[in-house]
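In: here you go, sequence then predicted model.
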Amino acid sequence: MRYYAERVARSVLTVWAAVTLTFGILRLMPGGPLVQLRGQLSRRNMSPEEIENQIAVYRERLNLVDAPIHEQYIAYLSNLLQGDFGQSLKEGEPVLQLIGEALPWTVFVMTVATILIFAIAIVWGALTAYKEGSTFDKVSSVAGVLLGSIPFYVFAFILLLFLAYQNKFFPASGRMTPLTDVELTVGFIIDVLHHAALPIASVVVVQAGLQMLSMRGNSIQVLGEDYVRVARLRGLSDRRISTRYVARNAILPMYTGFLTLIGFNIGNSVILEQVFTYRGIGYVMFDALEVQDYSVLMGVFLVFTIVLVVAVLIADLTYSWVDPRVKSGDASEAY
Amino acid sequence: MASTTVETREPDSEDPVVELRNASVTYDDGNSYVLDHVSMDVHRHEVIGVIGESGSGKSMLAESMLDSIPDPGVLRGQVRYNPSEGEPIDVLDLTTEELRQLRWEEISMVFQGAMSSFNPTMRVGKHFEETLSAHDADIDEGLAFARELLQDLYLEPDRVLNSYPHELSGGMQQRALIALSLVLEPELLVMDEPTAALDLLMQRSILRLLRELKEKYDLTMVFITHDLPLIAALADRLAIMYAFHPVEIGRTEEIVQNAAHPYTRALLNSTPNLDAPIEEMVPIPGSQPAPINVPDGCAYHPRCPLADEQCRSSKPDYVSVSDRHTSACYHWDDARDEIALNYSENLGDAARSGGDE
Ligand code: SF4
């Protein structure tokens, strides 16, 4: 129980630190964000009143108030707790709404991609370990390293070029065919998958190789363990040994990596979604970056942090459930 | 299922469970021997202690009885297994499936390092179940027997079976592993340094338990160890390994009191015992040969104080020293005179009573 409380507390602390950081950054900008924005506006030949009006709007949307810094901080925290991330500077829509509209798409793409990565890595890695030293093993290892060293956006461009532009197998952009009705029909799901295929593929191809290498290493290590040898002498079937003994013990150390990779990949979406013009959270962030929409930028930054923290927290909280060796506060017994 | 007999049957030298004939294990395409033409019997209902320093080939001797030499070693020669009923079996001629059935059902093995012999992510009880079902044994009966074995080993069956390996101490895991090795009631139990990872007290207590088990179930055991006093308390016979084959085999009392090989005598003198204070222990100068450069003639000659021309040029055969006591030495008789033992001739008794507390 203490273990769980500790983990939860640590996560809350991390999120709080990120929140404080965003609060600080905004106010540490020389003269504050409004000075920069004012500069931009004045270059647009606006009258002083117009500028003042616009600045007042910005101030409102950024949740900036005229008050001593600690009061601002408290106001900022309580706004966040109420789900008020401010409004987009440009459009004035609530940031939370922008994020809520985009985030599920990114989570969908990256979760499917990461699950595929691990499914491929586990099977591929186990096969190479069983055939350690064979040509298949050597080619796989080289391929894994090579693919892993290509930045995924490079691969994304290649896919885009060959599979979307030269051959029109997949759409080059978008989350779905424009003007389709959003409803849970087979046609809609296929359409969504069709649009997500290339972004997913470019992440999977690049990352599966590296995960395969770690599965391979784990499996080779487990294959050399005494308990596998004893299991063979006990006459267990190869099938049972490869699933219950080798696979299980080789996959366990990758569990935490799996969940955190989902978190990191959601952060990776900034570039990926730009390449595929896929309106997920990364796309929203890129847009905001271009027009210096501070409130959206900060909202997205916070969401990235929270997603990662939650992924790590889930990994921590559920690890003892997948690995019996980690039982919080359960000491081994003496003779 | 458990065969509790009232009187313990004496070891029967006319009734070997396993007969090794010229068993050799080679690596490097047959160039280096790690087991060198060993011929030896294991008698039914006996405990035979195989003693050697590390690198003497004693583990290979153990593995050869199950034909389980780790790759890329190659086992040649003959390994014959005689079940208590039925025809003798040539272990090296078995198909993979026949070998799978033989192992654990007929001949089972306990390794060094019990702590790593269990799957860390599986409950101990599951190991028993899967072993029983892999050999088409009745699960309920088998588990009942497993409980009895665990109880014999002073463990709480329910707790042990429901635990994960890491929840048990090293001594408990070792005893659970012994129970697992006996659950199919094998004819022969081969133990390779089964107590190496445990502290001294635990080693002694495991030995005592093994003696109780042996008496209760009439076990036949091959016990591989480097620890002569430890096994002297349990073994009926001892085989002393040097340079990949036994140099002397005989009844425990005979070996301990009247060893007829210079190496055995040196080994006895290098072992702590009740009579000799620690400063009188004499380590054997030099070291065991590596498999690639075993000396010609008697492999022990570079370290042997009695070595002469004959020893250097030709390999000594086994000579019968007395009833069921053989030594591979030209000068076994001189050895008894020239290499005095540093203890009075009761190490065996002392060890036996020492193990009884
Ligand atoms: S045969 Fe010769 S060298 Fe070998 S142990 Fe006997 S006396 Fe020593």
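Out: In hand now; what should we look at?
In: excluding sequence neighbours, find me the nearest residue to the residue of the stretch 101-250 of chain A found nearest chain B.
Out: Of the residues in the stretch 101-250 of chain A, the one nearest chain B is residue A:226, at a distance of 4.0 Å by C-beta to the nearest C-beta. In this view, the C-beta of every residue, glycine as well, is placed from N, C-alpha and C. Spatial nearest neighbour of residue A:226, chain neighbours left out: residue B:116 (4.0 Å); criterion: C-beta to C-beta, 6 or more residues apart in numbering or on different chains.
In: can you pull the pLDDT of the one you found?
Out: Residue B:116 is assigned a predicted lDDT (pLDDT) of 86.
In: next: residue B:139.
Out: For residue B:139, pLDDT reads 94.
In: quick one: it from residue B:145, how far?
Out: To residue B:145, residue B:139 is 11 Å away according to C-beta to C-beta, to the nearest Å.
In: name the residue in those two with the higher neighbour count.
Out: residue B:145 (21 against 12; other C-beta atoms under 10 Å in any protein chain shown).
In: wait, isn't that one in contact with residue B:180?
Out: No - Residue B:145 is beyond contact range of residue B:180, at 11.3 Å (criterion: C-beta atoms under 8 Å).
In: quick check: neighbours shared by these two?
Out: Residues touching both residue B:145 and residue B:180 by C-beta atoms under 8 Å, 6 or more residues apart in numbering or on different chains: none at all.
In: give me every residue in the stretch 101-250 of chain B lying close to chain A.
Out: B:101, B:103-105, B:108-109, B:111, B:113, B:116-123, B:127, B:130-131, B:134-135, B:164, B:166-172, B:180, B:202 (C-beta under 8 Å from any C-beta of the partner chain).
In: which of the residues you listed fall in strands?
Out: Using DSSP state E, the subset of those located in strands is B:108-109.
In: counting neighbours, what do you get for residue A:75?
Out: What residue A:75 shows, counting by other C-beta under 10 Å, is a neighbour count of 14.
In: do residue B:203 as well
Out: Counted with other C-beta under 10 Å, the neighbours of residue B:203 add up to 19.
In: how much space between it and residue A:14?
Out: Computed as C-beta to C-beta, the residue B:203 to residue A:14 distance reads 49 Å.
In: contacts for the worst-scoring helix or strand of chain A on mean pLDDT, please.
Out: Every helix and strand of chain A was ranked by mean pLDDT, DSSP states H and E. The lowest is helix A:33-42, at a mean of 73. By C-beta under 8 Å, 6+ apart, the list of residues contacting helix A:33-42 from outside reads A:26, A:29, A:50-51, A:54-55, A:58-59, A:62, A:64, A:89, A:292, A:294.
In: tell me the phi and psi of the residue nearest the centre of chain A?
Out: Centrality entry for chain A: nearest residue to the mean C-alpha point is residue A:266, 2.1 Å, by C-alpha atoms, centre = their mean. Main-chain dihedrals, residue A:266, degrees, to the nearest 10: phi -60, psi -40.
In: so who does it touch?
Out: A:106-107, A:110, A:281-282, A:304, A:307-308.
In: tell me which of those residues is nearest to residue B:29?
Out: residue A:110 (53.0 Å; C-beta to C-beta).
In: and of the contacts of helix A:33-42, the nearest to residue B:56?
Out: Checking the contacts of helix A:33-42 one by one against residue B:56 (C-beta to C-beta), the nearest turns out to be residue A:26, at 74.3 Å.
In: I'd guessed the closest one sits against residue A:301; true?
Out: No - taking contacts as C-beta under 8 Å, residue A:26 lies outside contact range of residue A:301: 10.8 Å.
In: tell me how many other residues crowd the residue lying closest to residue B:155 once chain neighbours are set aside.
Out: Computed as C-beta to C-beta, 6+ apart, the closest residue to residue B:155 that is not its neighbour in sequence is residue B:175, at 5.7 Å. Residue B:175: 27 surrounding residues under other C-beta under 10 Å.
In: what's residue B:79 sitting at in phi/psi?
Out: Taking degrees, to the nearest 10, you get phi -120, psi 110 for the backbone angles of residue B:79.
In: for the closest residue to it other than its chain neighbours, give me the pLDDT.
Out: Distances taken as C-beta to C-beta, 6+ apart place residue B:91 nearest to residue B:79, at 4.1 Å, with adjacent residues excluded. Looking at residue B:91, its pLDDT is 93.
In: what about residue B:91, distance to residue B:35?
Out: Shown here: residue B:91 relative to residue B:35, a distance of 14 Å by C-beta to C-beta.
In: who has more neighbours, these two?
Out: Neighbour comparison, residue B:91 and residue B:35: the larger count goes to residue B:35, with 28 against 24 (by other C-beta under 10 Å).
In: is that one within a helix or a strand, and which one?
Out: strand B:32-44 (DSSP states H and E).
In: quick one: strands adjacent to that strand?
Out: strand B:12-27 (antiparallel) (DSSP bridges).
In: residues near the closest residue to chain A within chain B, how many?
Out: Nearest to chain A in chain B, going by C-beta to the nearest C-beta, is residue B:116, at a distance of 4.0 Å. Residue B:116: 18 surrounding residues under other C-beta under 10 Å.
In: show me what contacts it?
Out: Shown in contact with residue B:116 (C-beta under 8 Å, 6+ apart): A:225-227.
In: any stretches of the stretch 51-200 of chain A with poor pLDDT?
Out: A:65, A:179 (pLDDT under 70).
In: quick check: bridge partners of residue B:246?
Out: Beta-bridge pairing of residue B:246 under DSSP bridges involves residue B:241.
In: do you know how far the one residue in the stretch 51-200 of chain A that gets nearest to the ligand is from residue B:107?
Out: Across the stretch 51-200 of chain A, no residue is closer to the ligand than residue A:133, which sits at 42.2 Å (C-beta to the nearest ligand atom). According to C-beta to C-beta, residue A:133 stands 31 Å off from residue B:107.
In: cool, and residue A:165?
Out: From residue A:165 to residue B:107 the distance is 68 Å (C-beta to C-beta).
In: first vs last residue of stretch B:212-229, how far apart are they?
Out: 18 Å (C-alpha to C-alpha, to the nearest Å).
In: quick one: what helix or strand has the spatially most central residue of chain B in it?
Out: Closest to where the C-alpha atoms of chain B average out (C-alpha atoms, centre = their mean) is residue B:223, at 2.3 Å. For residue B:223, the host element (DSSP H and E) is strand B:220-225.
In: now do the helix or strand just after that strand, average pLDDT.
Out: Per DSSP H and E, the first helix or strand lying C-terminal to strand B:220-225 is helix B:228-232. Averaging pLDDT along helix B:228-232 gives 87.
In: does anything pack onto helix B:228-232? Which helices or strands?
Out: strand B:47-51, helix B:200-217, strand B:237-242, helix B:347-354 (3 or more C-beta pairs under 8 Å, 6 or more residues apart in numbering or on different chains; DSSP states H and E).
In: next up, the contacts around residue A:309.
Out: By C-beta under 8 Å, 6+ apart, residue A:309 lies in contact with A:11, A:14-15, A:263.
In: so which of those residues comes closest to the ligand?
Out: Of the contacts of residue A:309, the one sitting nearest to the ligand (C-beta to the nearest ligand atom) turns out to be residue A:263, at 68.8 Å.
In: rewinding a little: please, which helix or strand holds the residue nearest to residue B:155?
Out: helix B:170-182.
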